[in-house]
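# the amino acid sequence is not available; the structure is as follows:
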């Protein structure tokens, strides 16, 4: 194996969470009589956690204070409705099973709330994720390296032989900040062109191609 440790982003990389995220955002917007957002708008808004997602979805005239309050509503609602339309991308489970069989340490590092990250990993990939780290108070979210460093600590691993896999500019920047290589996947929330523009040098168009890169 080329890599002994693989850290994955969650949304847009392992799980297609877009519809549940969009439905949760629009639930909060509708409650507060704000214009609803399309699926493609929400796709463009995700990547920096639920707080920033809510901020981007709200009309510009809303204050940061109001945005923060509605973000808490979003976190509560989404945590309870995060597994309705969400599904693993086709072929992803096979990748995780292959890595597990090869003895590779696997972690998920996400800007989603810490509790939700753990619940989603346990629900969709039981026994296949060795550590799950999400956003929590007192820890800087991606692209800061804090979550990556915590995941490595929980795995008992270091950067040597580790790689970060994600689908967005935030993930490319996270890998760079953490001082590790990045493989960008093109089936998620950003296009190949977006990823190349963000500085991605190694890209995978399918889970099968990703596994080959991890084993190269």
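It's in. Everything numeric in this text was worked out from a predicted model, so none of it was measured. Numbering: from 1, shown residues only.
# drop to CA atoms for contacts and neighbour counts, all remaining ones
OK.
# just give me how far the longest helix seen in the chain sits from the chain centre.
For the chain, the longest helix by residue count, based on DSSP state H, is helix 64-80. Helix 64-80 sits 18 Å away from the centroid of its parent chain (Cα atoms, centre = their mean, to the nearest Å).
# what lies in contact with it?
Helix 64-80 has contacts (Cα atoms under 8 Å, 6 or more residues apart in numbering) with 20-21, 24-25, 28, 50-51, 54-55, 58, 113, 116.
# just the buried positions in it, please.
Across helix 64-80, burial judged by 16 or more other Cα atoms under 10 Å covers 67-68, 70-71, 73-75, 77-79.
# looking only at pLDDT, what's the mean for stretch 198-216?
The predicted model assigns stretch 198-216 a mean pLDDT of 97.
# now that stretch: how far from the chain's centre is it?
17 Å.
# output the below-cut-off pLDDT ranges for this structure.
Residues of the chain meeting the criterion pLDDT under 70: 1.
# could you pull out the strands for it?
Shown for the chain, the strands assigned by DSSP state E span residues 5-8, 15-16, 87-88, 105-113, 131-135, 162-166, 182-185, 203-204.
# closest one to residue 154 among those strands?
Residue 154 lies closest to strand 131-135 among these, at 6.4 Å (Cα to Cα).
# and that closest one with strand 105-113, angle?
If you take axes from the mean of the first three to the mean of the last three Cα atoms, to 10 degrees, strand 131-135 sits at 20 degrees to strand 105-113.
# just use 484 as the starting number from now, easier for me
Sure, I'll start numbering at 484, so the last one becomes strand 614-618.
# pull the distance from strand 614-618 to the chain's centre.
Chain-centre distance of strand 614-618: 10 Å, with Cα atoms, centre = their mean.
# still on that earlier bit, okay, the strands of the chain in TSV with mean neighbour count next?
Below are the strands of the chain laid out as TSV (neighbours: other Cα atoms under 10 Å):
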stretch	mean neighbour count
strand 488-491	23
strand 498-499	20
strand 570-571	16
strand 588-596	24
strand 614-618	24
strand 645-649	25
strand 665-668	26
strand 686-687	20
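# rebuild those as JSON lines, extending it with distance to residue 695.
Shown next, in JSON lines, are those (distance: least, Cα to Cα, whole Å):
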{"stretch": "strand 488-491", "distance to residue 695": "13"}
{"stretch": "strand 498-499", "distance to residue 695": "20"}
{"stretch": "strand 570-571", "distance to residue 695": "19"}
{"stretch": "strand 588-596", "distance to residue 695": "16"}
{"stretch": "strand 614-618", "distance to residue 695": "23"}
{"stretch": "strand 645-649", "distance to residue 695": "13"}
{"stretch": "strand 665-668", "distance to residue 695": "12"}
{"stretch": "strand 686-687", "distance to residue 695": "9"}
